[in-house]
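Student: sequence below, structure please.
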Amino acid sequence: MNLPTKSCFFNPLSVLLTLLVILTFSGCGSLQEMFNFTKIDEEGNEITEPELNLPARNLLAKGMDDYNVGKYFTAITFFEDILNRYPFSPEATLAELKAADCSYHLERYLEALVLYEEFENRHPTNESIPYVMFQKAMCNYKQIDRIDRDTAGAIKSIELFRQLLKAYPNSPYTGEAKARIAAATEFLANHEYFVVEYYVRTAKYDQAIVRLKYLLVMYPESDIATKAQKLLTRIEAGDPPRSRLTAWFPKISLPDWALFGQPDVEDSTAEPVQR
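Tutor: Numbering: from 1, shown residues only. A predicted model of the protein is given here:
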């Protein structure tokens, strides 16, 4: 009895290899074209993948074209492709910065903050460092919520804006940094006053007095300081507000930073010119 030889059996691996060879040389197109793989952005639009054979300069040009018209979701794919494939190219430094900017404009503030910090660490002498420091502060500033929420964003943004002012007192971002510090400071003062409202409403006047004195020491120049002093005087005189306190307390949103700037200070969020 003759047994079948090995060549008579069906070999799936051989068939697969043959198919791949045919696809490679037949000009039938890529697997992506054959199976119609696509990516969809957050708005449901098809994303055009970076052309894999483009050199870094062309990828950068395509990324900047998208970036300049606000297509940050697609622009970032070009910048990341440069960083992955051409990390030592002259275009890589700008791609790093613009990838961070894309994340910032997409409101991915935590991700953007990490990217700005990495850029600063890698390129400490780059001419864009003042801008990067400003953006780091803005990543925290943009996370400021209402006065009844966490104040960490306001505190950290003030710290980072002050670092910028100390390191680069004459940068193009000085005027806006000072104005945003003032707005964030006013926000923190309003937060303290919000806490006072709770203590007064619950008749915890001793705690209210402590917080009012703290507010007046820490934020003596704030707009709310005058009201705070009047309220402190009334409580210490044994005459705390008995009616609803709505008229006594500030709005719960972050003040407009522009109200704290000079009339001739332009919005300095404009990005630096890259050479």
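Student: CA atoms for contacts and neighbours, from now on please.
Tutor: Noted.
Student: helices and strands of the chain: which one bottoms out on pLDDT?
Tutor: helix 31-35 (a mean of 41; mean pLDDT, DSSP states H and E).
Student: quick check: Ala237 vs Phe161, distance?
Tutor: Computed as CA to CA, to the nearest Å, the Ala237 to Phe161 distance reads 40 Å.
Student: whoops, I mixed them up, Met138
Tutor: 8 Å.
Student: cool, Leu97 as well?
Tutor: Distance from Leu97 to Phe161, by CA to CA: 19 Å.
Student: which one's more surrounded, these two?
Tutor: Between Leu97 and Phe161, counted using other CA atoms under 10 Å, Phe161 has the larger neighbour count: 25 against 19.
Student: next, the contact list for Phe134, please.
Tutor: Neighbouring residues of Phe134 by CA atoms under 8 Å, 6 or more residues apart in numbering: 160-161, 164, 173, 177.
Student: same question for Ile209.
Tutor: Taking CA under 8 Å, 6+ apart as the contact definition, Ile209 lies against 232, 235-236.
Student: same question, Cys102
Tutor: 67, 72-73, 75-76, 112.
Student: before we move on, what about Phe88?
Tutor: Residues near Phe88 by CA under 8 Å, 6+ apart: none.
Student: which SS class is it?
Tutor: Classification of Phe88 by DSSP: H, G, I helix; E, B strand; the rest coil places it in coil.
Student: what's the answer for Ser222, then?
Tutor: Of the three states, Ser222 takes coil according to three-state DSSP.
Student: that one: how many residues sit nearby?
Tutor: Neighbour count for Ser222, taken as other CA under 10 Å: 19.
Student: same question for Arg149.
Tutor: Neighbour count of Arg149, defined by other CA under 10 Å: 10.
Student: could you number the chain from 106 rather than 1 from now on?
Tutor: All set: I'll call the first residue 106, so the last point we hit is now Arg254.
Student: in the contacts of Ile314, which residue is surrounded by the most others?
Tutor: Leu337 (23 neighbours).
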